Structure formats: structure tokens, C-alpha cells
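[1] Please work out how this folds:
(one chain, ligands or ions: 2)
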Amino acid sequence: MDTDNENAVNYEIVDGIGVITVNNPPVNALSHAVRGGLQRAVAAAQTDASKALLIVCAGRTFIAGADISEFGKPMQEPFLPQLINEIEASGKLVVAAIHGTALGGGFEVALGCHYRIALETARVGLPEIKLGLFPGAGGTQRVPRLAGVPAAIELMASGSPVSAVRAAELGLVDRVVADDLRACALAYIAELLDAGAELRRASELPVEPVNDEVFEQAAAQFDKRARGQVAPHKMLEAVRAAVELPFVEGLAKERTLFTELLTGSQAKAMRHLFFAEREAARIKGLAPDLQQRTIERVGIIGGGTMGGGIAMSFANAGFDVTLLEINDEALQRGLGIVDRNYAGSVKRGKLSEEEASACRDRIRGTTDYGDLADADLVIEAVFEDPELKKNIFRQLDAVCKQGAILATNTSYQDVNAIAAATNRPADCLGMHFFSPAHIMKLLEVVRGDRTADDVLATVMALGKKIRKVPVMSGVCYGFIGNRMLGPYFREAQLCLIEGATPESVDAAIYDWGMAMGPISVSDLAGLDVGYKARQALPAEQRGDANAYRVPDALVEAGRLGQKSGQGFYRYDPDTRQKTADPEVQAIIEREAAVAGIERRAISAAEIVDRTMFAMINEGLRILDEGIAQRPGDIDVVYVYGYGYPAWRGGPMHYAEEVGLDRVLERILEFGQTLAVDNWSPAPLLEKLVAEGRTIKEWSES
Ligand code: 3HC
Ligand code: NAI
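    Ligands and ions are numbered 1, 2, ... in the order given. This is a model prediction of the structure:
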């Protein structure tokens, strides 16, 4: 984005109307040049021959917000709230014409105008919460005045944009038109002038009083929905100011709170993720003009936990899906789960009945490989058995048309070996979805040694089309995410056997911000999964035996986790509510005694440092080996796939925030006091600390 683009704002008088056109590709963000240009144009219009003003945008969208790349740097005048006040104070009528997305500061500019007209395809919203902020240019003061306090809180708390039609219902848009926005806007202005319409300034409107409960309920919801985040609570304070204070004072309060957030660590972390997510979509070294393959028909093999969800992700994005199962009974079971999932989506209001049934109709079942002959992409999601997967790839090689892409959803297996079972390894790669696959956003795209560039580019783009966040990983055991999970779980288990309890381990990690503690995650995934995976490995590859003594003992006692009603916890069969189980405590103590471990008190801080730093150490190895392209890619994997708190920015960002020297110091300390073998510092960590460089600097060099 060109922040010094002097042509970012154009002003001309057309048939007596001063037309201000913002032109700052790609998304017309409010860079310094745009703010300056708007200010000059509005000021000029006050004394020229124009009768009224129109603010409109060139390109694909109305202003999509403040320029995020300017955040964290010294802000230059004119500041946005001031500019918007000047627009609103105009002595001549100002109308905003909205197409594309009017977001954040962009929508706040529109709210400073006296009237708003929008294309029916346009969307408006205040997504600042996703950046660890809230609207900081009058949004918290003007939206309650136009739409009422409850709607304002909902809009700002969800961060999701609403359609122009919905915005009109809320009182945030005054007219919606089907097409020809600019002409309609000029006609609308003429109409308003003819009618002698007032200069309707949102700041002068009263705020409908609300019961205090509105704020209390919202705060309680944030504690659940946005646990650990400060921005939603600060937003409520700002809205409260809109209710209790005159506009000018409310605006000042908004600015103070917004600035606090802007300079804080949570907004920094979330800003990092915003750019990391976009960066992750780019593969270094690929030709930019690479011709992608056409994907319309998708085959999925295996309709179990993952296959059904993957099928739904494609069907929801409009693809035709053929789901293949081993026999009719398994097929009906798989399709039954898909039906129940769609019913759930309708119940939760995610899809209407009609939408759900249209998506469901795109999925058809089969047990015949011949039905995959014309698929453009086939994703295998059968049991995690390497020989079975190779067999399936051989069969696909025999039936699929030339040019079809063949993908495996394996969690751990060697993608190169699976690809080598075919005569077309260049067409093969991994597409690692996360459970539940129709909901989780992450897609690890695993590039095999021989995967063709166009196959990789096609699948990265396809990931976006099915509304996932694709991140590329190289081939290794567990790829980026699951490989880092190994040391994380190891330390959680070691804390347990050395003296903690399942509840204290989970509480430490949950309170730190993870969506779920590691012990509960193990129970959810099924303790037999790890057990079987370990059994399949030679003893010397299983790692520290003390890290799996307890789960092995639980599995051998028939405690498989949630699915058997008991694992590390006991689960209520109806509510799935978990409770601590004294039997488990006895097993932990018995196993500790067998291992000769003298149990001791383990603090929450120790649990957090051990699990998080073990994960970071592995992440640095992954980077060094080139398995991940950049540190930000690892952060995106963790936030979108593993319930890592976005406001901590991901494991690599967190490492930089804590300080690499501190991470190394703790790792060395753990090596001295705990099991040395588990704690050898990643060579990259030692190197960066010695050189005084950050991971980011190393990655960009
Ligand atoms: N500032 C700076 N750059 C931005 C930007 C912004 N607000 N919004 C998007 N960009 C950049 C992206 O980084 C990307 O750059 P790249 O091509 O170099 O990677 C490019 O614009 C295109 O963005 P997308 O790839 O995301 O394009 P899409 O078409 O998929 O989406 C969008 C467009 C819906 C506008 C999406 O980019 C988006 O949601 N942007 C963020 C909007 C936002 O959060 N606005 C609020 C900002 S905070 C604010 O306004 C504070 C105020 O209250 C004071
Ligand atoms: P699952 O056991 O729920 O489903 C596997 C399905 O494959 C079963 O329905 C089975 O009938 C079918 N199947 C077996 N052999 C077949 C064959 N020859 N032809 C057609 N269908 C066949 O397993 P799940 O959990 O869905 O896992 C599938 C794959 O996805 C595995 O490789 C797993 O590692 C991976 N994965 C699993 C995740 C999870 O959380 N469950 C997450 C990410 C990846």
C-alpha cells in the first residue's frame, strides 16, 4: 500500500456536486495521504461552488479501515476522529456512497457523513475487535445514536460485517440500491437538496437510554466468548460513555481507551496475526503467473470423523462432492453424521434450512472407485494406517483422470512415501484438516518432495475458496502443528507424574489462555489414539517413558477418554460434564512410584513455562529445517488449529514477547533440573540469542 500516494484522493465538481473520490489500492485504507486528501477536499468544498458533497471510492471497495500498517508507528496528523468531525461539521450536505466493504475507520468516515447510500451487495462493519481494538474514530459514540446500544454492542463485539440491507434496518444506512452507485448517489443528493433535508449529524442525536443489564450481560458473554481479551470490555466502557456523557466527552473517552489498546501487547499480537495470515498464503519461490488447475468435482475417501466434515467444507463452498466408503453400512453411517451436522448448523442459525439442504444435495455417496474417475481432486481420509493409505493411492492412480490432484489427510504419515505409491507423485500432497473439519479454519498443505508447483498453488488457493486458512508445511512426523504438540504434551504429562493433577495442569494452561487444557484435549481425542501410535513405533522412538506411563496405564484400565466415559477425568454420560476421579489420582501416584519419582508441588507458572517453551523450542527446529516458511506461519497454525489465544499472537510471537534470551535461560535451567534429554535448546535459539537477533529478523534475512 502506497502511504505517500498523493493522488489518493481526487476532488472535482460534477453538476454542482463536489465529488471526493478515494483511490488508494488495494482496499482504500485510510493512510496518511488519504486522511490529508479528504481533509483538504472537505475544507475546499466549504467555500467553492459545490452545493453538496459525495464521498465515493474507486476500485474494489469503499474504505476498508484505518491503515493497519501505520499502527505501532508515530501517527501523523490529521488524526481520524478529528477528520471525521470536520466532515460531519460540514456546512454543506455530505453523503457517503458505499460499495464493497466499509469497515472500521472506513465505516466511521461514512457515519460522519450526513446520509449513507449503499449498493445492496455492500457490507459494513466494525471489525476492530479482531485486531484487539474497538472503533476509535467515533464509532462507539455514533453507532449507539443511530442504531441503539444493543445493536451497537453486537456489531462491535462480533466484528462481523452486516449486509447493506441489514444496516438499513438498523438505521446505519439510509438507502440501498441495486447498481449504478455513483449515479444513484448523485440522484439521491439531488432529492435531499430538493426536499431541503437537514444536515443530519449523528453526534447531535440522542442515545436511547438502556438498562444496566445490557452492559452486564455483554460483559458476562465476553468472559466466555473472548476470554482473556481486554478490547471487548474497553468497548463497553466507551459505549457507556456514549450513554452517560455528552458527545464530545464520550469521544475523548473513546480516544483514551483506544490509544491504550493500540499501544498494548494484545493489539500488537493480533495485528501480527492479521499480516501473518495473509503472508502465509504466499509460497516463496513460486512463479506468480503459475497456471492453476481447475477444481470443480471433489472426491473424499473415508466418511468418518474427518471425511464427513471435509465433504461439508467443499459442499458449503459450492463444490460437487463424492464421498466414498468401504461398504454401504459405513457409507450410510458417514452420511448420517453429515445430516446431523447440517441439522446442527441450522439449529445454531449458521445456515437456513434451504441453504443446508442445497449444500447436502451436493454430497453424494458411493462405494465404487469408478465414480471418482472424473474428480479433479481426491482427498483420502481413511484410518491412519500407512499401508492402507498407500493401497488407496495405488487404486486412485489406476482410476483417476490425468491431472487430478491426489491428497492425503494423514496426521503423521510420510506424504512422500504415500505419493511414491503412485506413478504421479507430482500430483500428490497432504491436505491436513482439523477436527471438526467443517468448522476449524486451519488447513495444513503438506508439500511433498516431488509435489508440482501448480498443484501446490492450486491447493493453497482452493483452501481459501473453502474458507480455510491454508498454511504450507514440509514433510516431517506431525508436520508443523502436531509435531510441536509432541513436546507440549510431553511436558504436560511430566508435570502430572512429577506432582501436578489433571485439574491443575489444565487450569494453568486454560487460565493462560488456551481454549482447552492438554489433559482434557487428550481425553477428547481418545487416549487409545496416542497409545496405538506409540505401539507402532520402536521403543527408542517413543520418547521419555515417564511422559506416557499414566496414559498407557489408563488405556490398559479401559479408560479411553470421553468416548468411554472415563479417561483422565470421569464424564457424565448425559451432560459430558467432567469431574476429577480419585482412581486416576491413585494411578498417577502408583506410576510415579514405579518410575521412582518423588512427587512435589508444581506451580502454574512452571506448568506454563515448561509446556510453552518446549513447544517454542520445537517450533524453532521446524523453522531451521525449513518445514515452516516463516515464524508467522507457525503462529497462524496454532491460532487457527489448536485453540492458541490470538491475543498472545502464536507461539513464535509469544517467544519474541517473552524474550528469546529468557526462553533459552529457562530451557537451560529445565535441562539442569529436569530430564536433560528433553531440554536440548534448538540450535537456532542459541544462535539468535548469541547474535542478539529476533526470529523475524532471521527469517527475513
Ligand atoms: N490496512 C492496511 N492494509 C490492509 C488493510 C488495512 N486496513 N486491509 C487490507 N489490507 C491489505 C492486506 O494486508 C492485503 O495486503 P497484501 O496484498 O500485501 O497481503 C491487501 O490489503 C488485500 O487484503 P486481503 O488479502 O485481506 O483482501 P480481501 O479482498 O480478501 O479482503 C478486506 C479485503 C475485507 C478489506 C480485508 O482485507 C479486511 O478485512 N481488512 C481489514 C479491515 C479492518 O480490520 N479494518 C479496521 C482497521 S482498524 C480501524 O479502522 C481503526 C479505526 O476504528 C480507528
Ligand atoms: P475415522 O476412523 O473416524 O474414519 C475413517 C473412515 O475411513 C471410516 O469411516 C472407515 O470406514 C473408512 N475407511 C477405512 N478404510 C477404507 C477404505 N479402504 N475405503 C474407504 N473408506 C475406508 O478416522 P478419522 O478420525 O476421520 O481420521 C481419518 C484420517 O484423518 C486419519 O488419517 C487421521 O490421522 C486423520 N486426521 C484425523 C483427525 C482427527 O481429529 N480425528 C484430525 C486430522 C487428521
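[2] helix, strand or coil for the residue most central in space within the chain?
    In the chain, the residue lying closest to the centroid (Cα atoms, centre = their mean) is Tyr640, at 4.8 Å. What DSSP: H, G, I helix; E, B strand; the rest coil gives for Tyr640 is helix.
[3] Over to Asn10?
    Following three-state DSSP, the label given to Asn10 is strand.
[4] what separates the residue lying closest to Arg255 once chain neighbours are set aside from Leu251, distance-wise?
    Spatial nearest neighbour of Arg255, chain neighbours left out: Pro81 (6.1 Å); criterion: Cβ to Cβ, 6 or more residues apart in numbering. For glycine as for every other residue, the C-beta is placed from the backbone atoms N, C-alpha and C. Distance of Pro81 to Leu251, given as Cβ to Cβ, to the nearest Å: 6 Å.
[5] How about Ala421?
    In terms of Cβ to Cβ, Ala421 sits 65 Å off from Leu251.
[6] who has more neighbours, these two?
    Shown here are Ala421 and Leu251; by other Cβ atoms under 10 Å, Leu251 has more neighbours (24 against 20).
[7] Surely the more buried one is in contact with Gln141?
    Yes - when contacts are counted by Cβ atoms under 8 Å, Leu251 is listed as touching Gln141 (5.4 Å).
[8] Give me the common contacts of those two.
    Common neighbours of Leu251 and Gln141 (criterion: Cβ atoms under 8 Å, 6 or more residues apart in numbering): Ser203.
[9] Show me the contact partners of stretch 610-620.
    Here stretch 610-620 has contacts from 483-488, 490-492, 494-495, 509, 512, 518, 628, 631, 634, 651-652, 654-655, 663, 666-667, 670, 674, 678-679, 681-682, 684-685, 695, using Cβ under 8 Å, 6+ apart.
[10] re the thing from before, please name the nearest non-neighbouring residue to the residue nearest to the centre of the chain.
    Here the residue nearest Tyr640, using Cβ to Cβ, 6+ apart, is Leu442, at 3.9 Å.
[11] Tell me, what's the model's pLDDT at the one you found?
    On pLDDT, Leu442 comes in at 98.
[12] Then the one 5 residues further on?
    Each residue has a pLDDT score; the one for Arg447 is 98.
[13] ok, now which ones touch the residue nearest to Tyr640?
    433-434, 468-469, 471, 481, 636-637, 640-641.
[14] what's the answer for Arg201, then?
    Contact analysis of Arg201 by Cβ under 8 Å, 6+ apart lists 88-89, 114.
[15] hmm, which of those are the buried ones?
    The neighbour count (16 or more other Cβ atoms under 10 Å) marks 88, 114 as buried among those.
[16] Make a markdown table from the contacts of Arg201 and add pLDDT and distance to Lys532 to it.
    A markdown table is the format used below for those (pLDDT from 0 to 100; distance: Cβ to Cβ, whole Å):
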| residue | pLDDT | distance to Lys532 |
| --- | --- | --- |
| Glu88 | 98 | 65 |
| Ala89 | 98 | 69 |
| His114 | 98 | 67 |
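[17] So which of the contacts of Arg201 is the closest to Leu527?
    Leu527 lies nearest to Glu88 out of these, by Cβ to Cβ, at 60.9 Å.
[18] which one is the closest residue to ligand 2 within the stretch 101-250 of the chain nearest to, not counting chain neighbours?
    Nearest residue of the stretch 101-250 of the chain to ligand 2: Arg227, at 23.2 Å (Cβ to the nearest ligand atom). Nearest residue to Arg227, sequence neighbours excluded (Cβ to Cβ, 6+ apart): Gly513, at 7.3 Å.
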